Every structure is written in structure tokens, then in C-alpha cells.
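Student: Give me a 3D structure for the following:
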Amino acid sequence: MSDRERQSIEACVRANLEDYFRDLDGTDPAGLYDMLVKVVEKPLLDVVMQRAGQNQSRAADWLGLNRNTLRKKLLDHQLLK
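Tutor: Numbers count the residues shown, from 1 in each chain. Predicted structure coming up:
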């Protein structure tokens, strides 16, 4: 991943987090880390699986995950077809 791509993804996350906190209007968030991981992980897994042609071994390599870990995450997010 290039520095430009990384910055672009980081900028999107940062902007959305700023919007999220603005929408909370001073209310303290709860479970922010787990919430963020879940909302980022599902589209990440979905797009990577599509790009990998539904090949779990290939997708796991791209993600730097063990294939069994990937499979568990796919099941958790109901992304297995």
C-alpha cells in the first residue's frame, strides 16, 4: 500500500470519527474500539474476498491472517456464501 493510499484511508477514518463525535454532541461514547473494529472489519473482509475471487487462502495471505482466523471472522460477519 502506498503512502498516499494509507493517508487516504486514514483521512477517511479520521473524518468519519470527527463526524461521529460531533453527532454525539458531548455524550461520551461507549465501546468505541470494538464498534470501530466491527464497522471497518466487515467491509474490509467483504472487499478482499471479492478481489480474491472468494479464495480464502489468497485473502488470508493478503490480510496477513491465518486462514482459520479469516474463516472465523467471515462467519462472525455472516460473509460466507
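Student: Please report phi then psi for the residue of the chain positioned farthest from its centre.
Tutor: Distance from the C-alpha centroid of the chain, by Cα atoms, centre = their mean, peaks at residue 26 (26.1 Å). Dihedral pair for residue 26: phi 90, psi -10, per degrees, to the nearest 10.
Student: Return the distance of it relative to residue 2.
Tutor: For residue 26, the distance to residue 2 (Cβ to Cβ, to the nearest Å) stands at 38 Å. Placement of C-beta: from N, CA and C, glycine included.
Student: Show the subsequent helix or strand relative to the lengthiest helix in the chain.
Tutor: Secondary structure of the chain per DSSP state H: the longest helix is helix 3-24. Downstream of helix 3-24, the first helix or strand assigned by DSSP states H and E is helix 32-51.
Student: in that following helix, what's buried?
Tutor: 42, 45, 48, 49 (16 or more other Cβ atoms under 10 Å).
Student: Please tabulate the residues you listed in TSV and include pLDDT as additional columns.
Tutor: As requested, the buried residues of helix 32-51 are arranged in TSV below (pLDDT from 0 to 100):
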residue	pLDDT
42	97
45	98
48	98
49	98
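Student: between those residues, which is nearest residue 36?
Tutor: residue 42 (11.5 Å; Cβ to Cβ).
Student: correct me, but the closest one touches residue 77?
Tutor: Yes: the pair residue 42 / residue 77 is scored as a contact, 4.6 Å apart, by Cβ atoms under 8 Å.
Student: got any residues that touch both of the two?
Tutor: Counting by Cβ atoms under 8 Å, 6 or more residues apart in numbering, residue 42 and residue 77 have no common neighbour.
Student: ok, how many other residues are close to the residue nearest to residue 58 when sequence neighbours are not counted?
Tutor: Distances taken as Cβ to Cβ, 6 or more residues apart in numbering place residue 52 nearest to residue 58, at 4.2 Å, with adjacent residues excluded. By other Cβ atoms under 10 Å, 16 other residues sit near residue 52.
Student: hang on, residue 52 packs against residue 65?
Tutor: No: here residue 52 does not reach residue 65: they are 12.0 Å apart, not a contact under Cβ under 8 Å.
Student: Any chance you could list residues touching both of those two?
Tutor: Joint contacts of residue 52 and residue 65 (Cβ under 8 Å, 6+ apart) do not exist.
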